[in-house]
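Student: With the input below, show me the fold.
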Amino acid sequence: MTSKIRVGIVGVGNCASSLVQGIEKYREINSSDPPPPGVMHVDIAGYGIGDIEVVAAFDVHAGKVGTDIAHAIKVPPNNTRVFQKVEQKGVVVQSGPVLDGIGKWVVDCVPLTGSPPVDVAAELKRAGVQVLVNYLPVGSEMAARFYAGEALKAGCALINCMPVFIATDAEWVTRFARANLPIIGDDIKSQVGATIVHRVLAGLFGQRGVRIDRTYQMNFGGNTDFLNMLERERLQSKKISKTQAVTSQMREQLSPENIHVGPSDYVAWLEDRKWAHIRIEGTTFGDTPLNLELKLEVWDSPNSAGVVVDAIRCARLALDRGIGGALEGPSSYFMKSPPVQHEDHEAERRMQAFIDNVPVD
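Tutor: Numbering: from 1, shown residues only. As a prediction, this is how the structure comes out:
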């Protein structure tokens, strides 16, 4: 493959910053190179990370709209780790509609542009966008559906990285299938984040015959995602997504009072770092108690960007092969709330079968 994968980004925050930096950092690696740290697939059916090209971006921040994306990814409140210098790209961030994208806790740190929203579908077409990546804030239900509709109008694949249910909604899936456009969603899993670790531990308990009686996952961090989630009304879909991702790996379902999975608080000085505390209380042989506690510390946005570079390439493969609708294998591996939940080893197998273009046994 020699053609570029033309990508549009909705929301030029920390996640977009890590994605843009990562594309630049890993641009020159090829399939003969050993995988560098953090890269799951150097090559996906002929596509390298360097084949990804960001050609359009949309935001509402006054300091980002109208500037080159290389500048916009550094504008506060963005506060993720800077690991790669990014030169000017000639891609100007355009003004999108606000809708419900700005919560009450972040309104003071996200000054709104005075520019009117552009015709998003027309701009996607003009830029030749093939894959649209949705990085909107948690709780942006109306905005997420708006951009999904614009992707349909423009003929783009959609990667829904946030917890609004698009790839798991039958109506949206049907619309994308009829348009022969793929969706990968919903709600991105990090490479090694709180959700994947909690899922693996829950599966391990079941495989080893330990009954899970109670569990919690407490997350806090210092980026605007956590600040936004102080508005608890915006958290409903996020809590559902994270909880389902964990409970899908349990052999016996817990009653609601015995499980808590979700964001807990905002600590400004942590910046884009996230701290996760996980506890699982169980019962083992002889009705003996077994308890596990774990703390995980990650830089939140780079942790997800390593997954998105693979999701983008899988979306392009689906376009090449004329596959529309929700992609079960890639979604189950890359996302917390896919159309079909699988155990992680099975999700990886199905994702690899999709890449290799072979039937799943």
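
Student: Which helix or strand lies directly C-terminal to the helix or strand hosting residue 213?
Tutor: Secondary structure assignment for residue 213, by DSSP states H and E: strand 211-221. Using DSSP H and E, the helix or strand that follows strand 211-221 in sequence is helix 224-228.

Student: Can you tell me what sits against that next one?
Tutor: With contacts defined as Cβ atoms under 8 Å, 6 or more residues apart in numbering, helix 224-228 is touched by 13-14, 77, 103, 105-106, 109-110, 137-139, 219-220, 234, 263, 265-267, 274, 300. For the C-beta atoms, the positions are set from N, CA and C on the backbone; glycine is no exception.

Student: out of these, which are buried?
Tutor: Buried residues within the contacts of helix 224-228, defined by neighbour count using 16 or more other Cβ atoms under 10 Å: 13-14, 77, 103, 105-106, 110, 137-139, 219-220, 234, 263, 266, 274, 300.

Student: Just give me the neighbour total for residue 207.
Tutor: 11 (other Cβ atoms under 10 Å).

Student: Check residue 111 too.
Tutor: Residue 111, neighbours per other Cβ under 10 Å, totals 12.

Student: And residue 166, by the same measure?
Tutor: Other residues near residue 166 come to 25 when the count uses other Cβ under 10 Å.

Student: residues in contact with it?
Tutor: Residue 166 sits next to 144-145, 148, 158, 160, 172, 183, 185-186 when contact means Cβ under 8 Å, 6+ apart.

Student: likewise residue 291?
Tutor: Per Cβ under 8 Å, 6+ apart, neighbours of residue 291: 279-282.

Student: on that earlier part again, now what about the strand holding residue 213, what contacts it?
Tutor: Contact with strand 211-221 is made by 194-195, 198, 202, 205-206, 226, 242, 246, 250, 252, 254, 258-267, 270, 272-284, 300, as judged by Cβ under 8 Å, 6+ apart.

Student: Extract the residue ranges of the chain that are flagged as low pLDDT.
Tutor: Residue ranges of the chain with pLDDT under 70: 1-2.

Student: tell me which residues in the longest helix along it are buried?
Tutor: Using DSSP state H, we find that the single longest helix of the chain is helix 300-321. Neighbour-count burial for helix 300-321, counted by 16+ other Cβ under 10 Å, picks out 300-319.

Student: likewise stretch 227-246?
Tutor: Across stretch 227-246, burial judged by 16+ other Cβ under 10 Å covers 227-230, 234-235, 237-246.

Student: What distance do you get for residue 14 to residue 231?
Tutor: Using Cβ to Cβ, to the nearest Å, one gets 18 Å for the distance from residue 14 to residue 231.

Student: would you list every one of the strands in the chain?
Tutor: 5-10, 43-44, 47-48, 52-59, 94-95, 131-134, 157-160, 182-184, 211-221, 259-266, 273-284, 288-299, 325-326 (DSSP state E).

Student: follow-up on the earlier one: could you give me the ChimeraX syntax to select whichever of the contacts of strand 211-221 are buried?
Tutor: With 16+ other Cβ under 10 Å as the criterion, this ChimeraX line picks the buried residues out of the contacts of strand 211-221:
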select :194,195,198,202,205,206,226,242,246,250,254,259,261,262,263,264,266,270,272,273,274,275,276,278,280,281,282,300
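
Student: How many residues are close by residue 3?
Tutor: Other residues within reach of residue 3, judged by other Cβ under 10 Å, total 12.

Student: Please list all residues in contact with it.
Tutor: Here residue 3 is in contact with residue 51 (criterion: Cβ under 8 Å, 6+ apart).

Student: now swap in residue 91 and tell me
Tutor: Contacts of residue 91 (Cβ under 8 Å, 6+ apart): 54-57, 68-69.

Student: How are the helices of the stretch 51-200 of the chain distributed by residue range?
Tutor: 69-72, 120-127, 141-154, 170-178, 194-207 (DSSP state H, counting those that start in this stretch).

Student: can I get those helices in TSV with distance to residue 353?
Tutor: Converted to TSV, the helices of the stretch 51-200 of the chain look like this (distance: least, Cβ to Cβ, whole Å):
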stretch	distance to residue 353
helix 69-72	34
helix 120-127	30
helix 141-154	26
helix 170-178	20
helix 194-207	20
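
Student: Ok, which of those comes nearest residue 7?
Tutor: Taking Cβ to Cβ, helix 120-127 is the member of these nearest to residue 7, at 9.5 Å.

Student: Make TSV from the contacts of residue 291 and add distance to residue 22 to it.
Tutor: Formatted as TSV, those follow (distance: Cβ to Cβ, whole Å):
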residue	distance to residue 22
279	32
280	32
281	38
282	38
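
Student: Tell me which two in those residues are the farthest apart.
Tutor: Farthest apart among the contacts of residue 291 by Cβ to Cβ are 279 and 282. That separation is 10.5 Å.

Student: okay, and the common contacts of the two?
Tutor: Common neighbours of residue 279 and residue 282 (Cβ under 8 Å, 6+ apart) are 291-292.

Student: Distance check, the residue in the chain sticking out farthest from the centre against residue 201.
Tutor: What lies farthest from the middle of the chain is residue 286; by Cα atoms, centre = their mean that is 41.7 Å. Between residue 286 and residue 201 the computed distance is 22 Å (Cβ to Cβ).

Student: Residue 252 too?
Tutor: 15 Å.

Student: ok, now residue 138?
Tutor: For residue 138, the distance to residue 201 equals 24 Å [Cβ to Cβ].
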